[in-house]
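In: Below: sequence and its predicted model.
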Amino acid sequence: MSAAKTLNLTLKVWRQKNGNAKGKLENYPLNDISPDSSFLEMLDILNNGLIEKGESPVSFDHDCREGICGSCSLYINGEPHGPARLVTTCQLHMRSFKDGETIYIEPFRAKAFPVVKDLIVDRSAFDRIQHAGGYISVNTSGNTQDANSIPIEKENADEAFYSAACIGCGACVAACKNASASLFVSAKVSQYALLPQGQVEAKDRVLNMVKQAEKEGFGPCSNTGACEVECPKGISIENIARMNREFLSASISK
Amino acid sequence: MALSGSFLLIFLLQHLIINLLSVVSPDAFNDTSHFMGTNPLIQFFMQPLLIFGVVIHLIMGMIIEQKNRKARPINYAFNNAKANSSWMSRNMIISGIMIMLFLGLHFYDFWIPEIKTKFIDGDLSGKLNGEDSYRYFTELQHKFGSPVRLGVYCLAFIFLALHLLHGFQSSFQSVGLKNRKYAPTIQKLGNIYAVVIPLGFIFIAIFHFINSSH
Amino acid sequence: MSKLDSKIPEGPLKDKWTNYKNNINLVNPANKRNIDVIVIGTGLAGGSAAATLAELGYNVKAFCYQDSPRRAHSIAAQGGINAAKNYQGDGDSTHRLFYDTIKGGDYRSREANVYRLAEVSTNIIDQCVAQGVPFARDYGGLLDNRSFGGVLVSRTFYAKGQTGQQLLLGAYSAMNRQIAKGKIQMYNRHEMLDVVVVDGKARGIIARDLVTGEIERHSAHAVVLGTGGYGNVFFLSTNAMGSNVTAAWKAHKKGAFFANPCYTQIHPTCIPVHGTQQSKLTLMSESLRNDGRIWVPGKLEDAKAIRKGTLKATDIKEEDRDYYLERRYPSFGNLVPRDVASRAAKERCDAGFGVVANGTNEGVFLDFASAIQRYGKEEALIKGISNASQKELTALGEKVIETKYGNLFDMYKQITDQNPYKTPMRIYPAVHYTMGGLWVDYNLMTNVEGMYAIGEANFSDHGANRLGASALMQGLADGYFVLPYTIGDYLADDIRTGKISTDSPEFEEAEKKAKGEIDRLINNKGTKTVDYFHKKLGLIMWNKVGMARTAKGLKEAISEIAILRDEFYKDVRVPGEADELNQELEKAGRVADFLELGELFARDALEREESCGGHFREEFKTEDGEALRRDAEFTHVSAWEYTGNPSEAVLHKENLEFENVELKTRSYK
């Protein structure tokens, strides 16, 4: 919409043929990018140019392109989802960059997130953490009790919502110097811990999910707070404190 | 980590208070030092506990560092960590190791001579070579006469401050005692603690340096 | 016509589902362990179906093309989910939800299906709350509701602007529980390339592992498609980049009829197109129309000046603004159904009053200024602030708007770099949802035995237009509460079948065909990218098969798409190999199917010589420009049978019988 001038950029993009191959950063000059383009549209333009030149396009995860599916990852100029706050890579716009800028684009790095190809990493470790307890055991019967039979204090309902807003993108892991998944795990633990429905299984849940995260190879939390800053959904590290609390009390009583 | 850390936090406060006595009243300092140095409960329970706490804190720190390194085998080519976290929080291992090195010096300065006097030489009197007064204050002042030692101590206290700036509030977070309501207070308290305690030690060191040189 | 048996149970409308459930065959738990079901897609429909079938005891294999089932595009639904709970006591009921949905769908949906949907809607909310879905609550701790377009009651449950996400995470958590138990085998990053039909029954699929490129055979006693809609045939839409028609289209080619492909919902409140490099459109939740007022300048010269950038929206005086929805539809105003709102926007922009300089003037204002003032005054009253200044009132009002729509406003600002608190949003309709889909009977089974279609992938519940917050309702209704019953009735005959072999000639042939198609694309070595063709297809669809269609334009579209398809196969370039992760190859396969579907889509639109819901033919409108339905000729479902070429598909009609509602001209005036 704004008719600002276009950007000329140098991209340094991580290229890696597959999980077993060695990768390296490649340089790609890219000109005439509209500041109104999204970051991923910029990569589309790069890719179409590469295909036309007969080179292989850069693979990267993306899907909804409106900041909610959590597919897009990318470590841009030293930060997950780039320099803007509270947005995912797909919501990052090129107006956040300067003409002539060099942009580093790397995959999320963690032992638990192995690179699949180029900028795509395998985040199935997050799924497995959820299998370990990220649910409330209730069958689909059609005659569970009426939804309004248990009033839930608005404050708790809102808190549970804020925790549940996690999109599972893995930025917390990528940003953390320890590649810790604590923010992710704690968000799920918190959502259920804050709701009466989640209380019944709360102890097993926190113990199992934390154990699974460790098994996957995520590092321990050292409270640097980087995850909270980089989380595109603004999930608070208060969740981690809550998880630690739940974990301690479950460890003592179980 | 947090538990041993919290324990050490309390110890630091206690240590500072006793040291401050040396500024206010050499006699009170001597009395307290003698009590601490000869009370069996403190000598044979608290002191080993403290050493155990330090060792645990050290070992756990090393283990965590090791796990953390393993959790990210390949590093970023370009990382802008300062955009999302403080230097202190990311470098606890560095400030920690510096403090450990300092502890070595500190043991060499005070603890080893103390153990030697008391348990090898068997002199539990706390008196200075047959004189009537206690030796602790004199020894302390003597040590801080050296400008090099003063410099090293001050530097170490700066690292201690850096360690505490993150460590204090981090320990609350780790045991789940931090929430939205208390977080700002804990943060503020932590900052005050992290500045005041090392400053206190630095003040004492400088105080004795100045006084001993006259 | 005889080919289509909708299998609607006998009896009065409100007893059909209950009677049906009482009389179907059940499978005993021990036998369920011997039965495999494949579920494609893990959105609200597929995810909830997979979880529930696994709970019941079937062995479920679930597939999704994303890296995790949690990322299916249901996640992007913002506004809410309808249910006839009547918690607000405003006169809602199962019948009213049923009636609103039938009317909203412009009397082109099946009564019995819609009634069942309304009936189970309340169970969905109970189920989701039990799962820990954090719906919005009021201060008393009870569930809150909001109102949505096209209805006069507040029956929409919501979780801020992220209802779809929360519901999907609920279904995902139910899946996780079954995955942990080994009852669901989850195949992430897998795309279904064909369905295998053995002796007239769907018995498995051919899938590609998107990481290794390996082509796999999977067998089952039934195949369920919960693969969503095909809005991406327009290239630009609010769908996810990966949303595709491939699974449904391959099913169609294997004999399943495709019903009403031309019924497309163009959502009125999206962020307008900004340029040719744009890859997708972003929806701004319909809930914004609760408080936003839609307008364009009343004077042509003002509109021109706005587009030139010499005049600001806020400079235009109240009397010079045309609140065209309030003007044309005084009783529903800004809350008219989506199709009506979209067409009204197009009408104004075509007449030159659009406010966005994107070549086609496509854009209108959505203005919150009066809502901000209204809420400001309310808040001042609540807080006991008398004689508040204008500035204070605005600040108070903005705070209220922020709590209601904060995340949407942030998103708008992020994308457009404009502050919607201070200047009206610019919006324009965009392709959002497709009501058409695979034809299914009352059991949600396609005309191929053992092949089911649920959620947006089928055609059954929304007629020619879907009401807001009803897609989530339908997806979960199908997956949690309908399919698990109806599929049991079918599988009861399969308890002695035993494992289905994947060595049959049918699997052999399907695999060979899938591999052949991939090789053809990889070896094509043309000069143009997949996107080039997709964009061209999108433009044809938008211009000629979009919001207003003519016989002439549709005929042109049919031939242009056919030509484009030929060109695609001559000149497309797909880099890389078949046996690796190859995103261009994935796209190419999907676009190849869109290029066929597009043609059938236009053909269906041409055939339907009336205007109804999302389908608007210029030739069929009233004197004042409203849609003109032709009930005598077109009260039927158009179900298309594939015969080898999309333009030669054979039309089958399922007549729609309305015994419980009277067909009326929809009026929101």
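Out: It's in. Numbering: from 1, shown residues only, chains lettered A, B, ... in the order given.

In: Can you give me the domain assignment for chain A?
Out: With domains defined by automatic domain parsing, chain A comprises A:7-106, A:123-253.

In: Throw these into JSON lines and include distance to chain B, thanks.
Out: For the C-beta atoms, the positions are set from N, CA and C on the backbone; glycine is no exception. Below are the domains of chain A laid out as JSON lines (distance: least, C-beta to the nearest C-beta, whole Å):
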{"stretch": "domain A:7-106", "distance to chain B": "3"}
{"stretch": "domain A:123-253", "distance to chain B": "3"}
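
In: Now mean pLDDT, distance to B:Phe35 and mean neighbour count too, for these, in CSV please.
Out: Listed next are the domains of chain A as CSV, based on pLDDT from 0 to 100; distance: least, C-beta to C-beta, whole Å; neighbours: other C-beta atoms under 10 Å in any protein chain shown:
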stretch, mean pLDDT, distance to B:Phe35, mean neighbour count
domain A:7-106, 96, 54, 20
domain A:123-253, 96, 36, 22
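
In: export those domains to TSV and tack on distance to B:Gly5?
Out: Below are the domains of chain A laid out as TSV (distance: least, C-beta to C-beta, whole Å):
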stretch	distance to B:Gly5
domain A:7-106	28
domain A:123-253	11
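
In: closest to C:Met541 out of those?
Out: Nearest to C:Met541, of all the domains of chain A, is domain A:7-106, at 19.4 Å by C-beta to C-beta.

In: C:Ala548: how many residues sit nearby?
Out: Residues lying near C:Ala548 (other C-beta atoms under 10 Å in any protein chain shown) number 17.

In: Tell me who's in contact with residue 63.
Out: Went with chain A since none was named. Going by C-beta atoms under 8 Å, 6 or more residues apart in numbering or on different chains, A:Asp63 touches A:69, A:71-72, C:66, C:71, C:73, C:240-242.

In: sorry, should have said chain C
Out: Residues near C:Phe63 by C-beta under 8 Å, 6+ apart: C:38-42, C:187, C:190-192, C:205, C:207.

In: any idea how far C:Arg343 lies from C:Arg617?
Out: Distance, C:Arg343 to C:Arg617, by C-beta to C-beta, to the nearest Å: 12 Å.

In: how about the residues of chain B that lie near chain A?
Out: Residues of chain B lying close to chain A by C-beta under 8 Å from any C-beta of the partner chain are B:64, B:67-68, B:70-81, B:83-86, B:89-90, B:92, B:166, B:169-170, B:172-180, B:183.

In: Inside helices: which ones of those?
Out: B:64, B:67-68, B:70-71, B:89-90, B:92, B:166, B:169-170, B:172-174, B:183 (DSSP state H).

In: Now the buried members of the residues of chain B next to chain A.
Out: When the residues of chain B next to chain A are checked for burial by 16 or more other C-beta atoms under 10 Å in any protein chain shown, the buried set is B:64, B:67-68, B:71-72, B:76, B:78-81, B:84-85, B:89-90, B:92, B:166, B:169-170, B:172-178, B:183.

In: restrict these to those near chain C?
Out: Near chain C, by the rule C-beta under 8 Å from any C-beta, you find none of these.

In: Of the contacts of A:Asp63, just say which sits nearest to C:Thr446.
Out: C:His73 (21.7 Å).

In: Pull the number of nearby residues for that closest one.
Out: By the other C-beta under 10 Å criterion, the neighbourhood of C:His73 contains 27 residues.

In: Check C:Ala54 too.
Out: When neighbours are counted by other C-beta under 10 Å, C:Ala54 registers 25.

In: Just the mean pLDDT for the helix or strand harbouring it, thanks.
Out: Under the criterion of DSSP states H and E, C:Ala54 resides in helix C:44-56. Mean per-residue pLDDT for helix C:44-56: 98.

In: Check whether that helix comes near chain A.
Out: Yes: applying C-beta under 8 Å from any C-beta, one finds helix C:44-56 touching chain A at C:48, C:51-52, C:55.
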